[in-house]
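1. here is a sequence together with a model predicted from it:
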Amino acid sequence: MHKAYSVFYIINRSPLTIISEEISISIANNDSNNNSSKNRNLEVTENLTGPNNSKINSTIRTERDNTEEDLTLKRNEWFWDTNSEQIFAQDGKTIIAVGHASVKSIVPLELLRHIYLPQQPHDRIFDSTTRTISYLQPRSHLPVKSLQQGEKKRILVTGGAGFVGSHLVDRLMLMGHEVIVLDNFFTGRKNNLAHWISHPNFELIRHDVVDPFLIEVDQIYHLACPASPPHYQYNPIKTVKTSVMGTINMLGLAKRVKARFLLTSTSGMYNYYDYNFYIYISTQVYGDPEEHPQAETYWGHVNPIGPRACYDEGKRVAETLTYAYMHQDNVDVRVARIFNTFGPRMNENDGRVVSNFIMQALKGEELTIYGDGLQTRSFQYVHDLVDGMILLMNTDYMEPVNLGNPDEYTIREFAELIRSEVNSSCKIKSLPAPTDDPKKRRPDISRAEQILGWKPRWPVKQGIGETVKYFQRQMEAGLI
Ligand SMILES: O=c1ccn([C@@H]2O[C@H](COP(=O)(O)OP(=O)(O)O[C@H]3OC[C@@H](O)[C@H](O)[C@H]3O)[C@@H](O)[C@H]2O)c(=O)[nH]1
């Protein structure tokens, strides 16, 4: 007796149609002489509907030599209309895709969510009763765009196993490029990229950028550097080396293989020097901005011996090197100045305010406000940042560009937002302000808007919603 199988469609308004089916068939041995060893052919034909009502027929054949068993075949088919340029749903505000058509980086949000918000981790199953983890081999990869040889680029991402880096890798892979990741896993995590392991377009290499690395590539996104204050203050000498030696090695590689090079600096501001360069200094050490918001021409003042100087001065020298290689050796450079960014895959214990507040709220702990909480930050969602970096890499503009969300909050307001979104019963605890903690920060993104046609699309609340779900899934899966 064959039980009819049920097929259910999840049809999104997005340029993506996910057809997920569960075919459950119980096979009874209807062989009269009860010969249980007899092989039985099972054949199921499916009539599926893809995008634009395309008909997809497929047949599943399998040989079963069991007599009585429930056979469940689970298959996901992703039908991605790669020509779609639809970003918002019919309501004009629900985001259903990310990216920009101008650089062919549009990817359906559902496809990305399947990666960073899976029902369970791609590479492991955690058993809470036995406290064991079973590691899985990926059975299949998500569909990636099929590019013509001339379109397909070899792209190196240093720090690609990190929070921002892994989202950049997802997007570049889905866009159909060949991606190589260098990471020393000081803060990066392999399971941020588990879903791409063994994909023909992907390579993950354990390598510390303070040592040279040779590889033929077309583009280099240089993200390798511990980014959260606790992480980069853990070993200040190593932090400086990563920014200085790592950037020298990657710029040297870009020069050698004639690759386009993009440096990710961190949010903050820069000093203006008489040779008309904007040397960007990281927020981590600069004092309080006399000008607000910060544009790419803003002056600042630096504490070169503060507890954050290792990160700040390292980033500043990284920019000095970037423009020196541009002028001296004609390296094709881009510089993205990144303001506070948040999203899934943030390290739950990296000590930054977004991950701290969400984890504290999920655990019912007090939210820890450093100082009086009147200091301000502006928070951009990781998908907007990745959009901006890919746009910047693929335009011809070589001056530094701010990538951030001008939506500014005091830390106290942000704590209230997290309480309202996650757990209103949480109390708030005040702790001393860290040394050199900037009192305010908001990007002027007019250059990005004019040059790149970029501005953030994700409201902070919508990003917080996904980030909370990510941390909840991580906790449920026993990963944190
Ligand atoms: O638990 C916390 C954590 C942080 N904070 C405060 O929240 C504000 C933001 O702190 P974060 O560490 O999240 O971020 P910061 O603005 O200090 O640096 C951030 O932006 C610049 C980037 O270079 C850094 O990588 C990033 O950490 C600071 O004023 C900090 O003192 C809290 O009040 N409570």
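-> Sure thing, it's come through.
2. where's the residue in the stretch 1-150 of the chain positioned nearest to the ligand relative to A309, distance?
-> The ligand sits closest to Y116 of the stretch 1-150 of the chain, with a gap of 20.0 Å, by C-beta to the nearest ligand atom. For glycine as for every other residue, the C-beta is placed from the backbone atoms N, C-alpha and C. From Y116 across to A309, the span is 34 Å (C-beta to C-beta, to the nearest Å).
3. D372 too?
-> Distance from D372 to A309, by C-beta to C-beta: 24 Å.
4. neighbour count winner among those two?
-> When neighbours are counted by other C-beta atoms under 10 Å, A309 comes out ahead of the other of D372 and A309, with 22 against 12.
5. near the ligand at all, the helix or strand where Y470 lies?
-> Element membership for Y470, per DSSP states H and E: helix 460-476. No - using C-beta under 6 Å from any ligand atom, helix 460-476 never reaches the ligand; the gap is at least 13.0 Å.
6. and that helix, how far out from the chain middle?
-> Centroid separation for helix 460-476 versus its chain: 14 Å, with C-alpha atoms, centre = their mean, to the nearest Å.
7. all strands for the stretch 301-450 of the chain, in order.
-> For the stretch 301-450 of the chain, the strands defined by DSSP state E, counting those that start in this stretch cover 333-338, 341-342, 367-370, 376-378, 380-381, 401-403, 408-410, 428-431.
8. phi first, then psi, for I237.
-> Phi and psi for I237, reported as degrees, to the nearest 10, are phi -60, psi -40.
9. in contact with it, which residues?
-> Applying C-beta atoms under 8 Å, 6 or more residues apart in numbering, one finds that I237 lies in contact with C310.
10. for it, give its distance to the ligand.
-> As judged by C-beta to the nearest ligand atom, to the nearest Å, I237 and the ligand stand 18 Å apart.
11. now do that residue against I305, distance only.
-> When I237 is compared with I305 (using C-beta to C-beta), they lie 14 Å apart.
12. and I445, by the same measure?
-> Computed as C-beta to C-beta, the I445 to I305 distance reads 31 Å.
13. and if you look at E216?
-> 41 Å.
14. those two: which is more packed in?
-> Here E216 and I305 are compared on neighbour count by other C-beta under 10 Å; more neighbours surround E216, at 12 against 9.
15. my guess is that one contacts R256. True?
-> No - in this structure, E216 is not within contact of R256 by C-beta atoms under 8 Å, at 9.4 Å.
16. what ranges does the protein have for its helices?
-> 109-116, 163-174, 229-234, 236-257, 309-329, 353-362, 382-393, 411-421, 446-447, 460-476 (DSSP state H).
17. what lies in contact with the first one?
-> Where contact means C-beta under 8 Å, 6+ apart, the residues beyond helix 109-116 that reach it are 12, 14, 16, 18, 78, 80, 95-98, 122, 142, 167, 170-171, 174, 195, 344-345, 383, 466, 470.
18. next, the buried residues of it.
-> Going by neighbour count (16 or more other C-beta atoms under 10 Å), the buried part of helix 109-116 is L109, E110, L111, L112, H114, I115, Y116.
19. what about the nearest residue to E421 once chain neighbours are set aside, how many residues close to it?
-> Leaving aside its chain neighbours, E421 sits nearest to I464 (5.4 Å; criterion: C-beta to C-beta, 6 or more residues apart in numbering). Here the number of neighbours of I464 (other C-beta under 10 Å) works out to 24.
20. cool, thanks, signing off.
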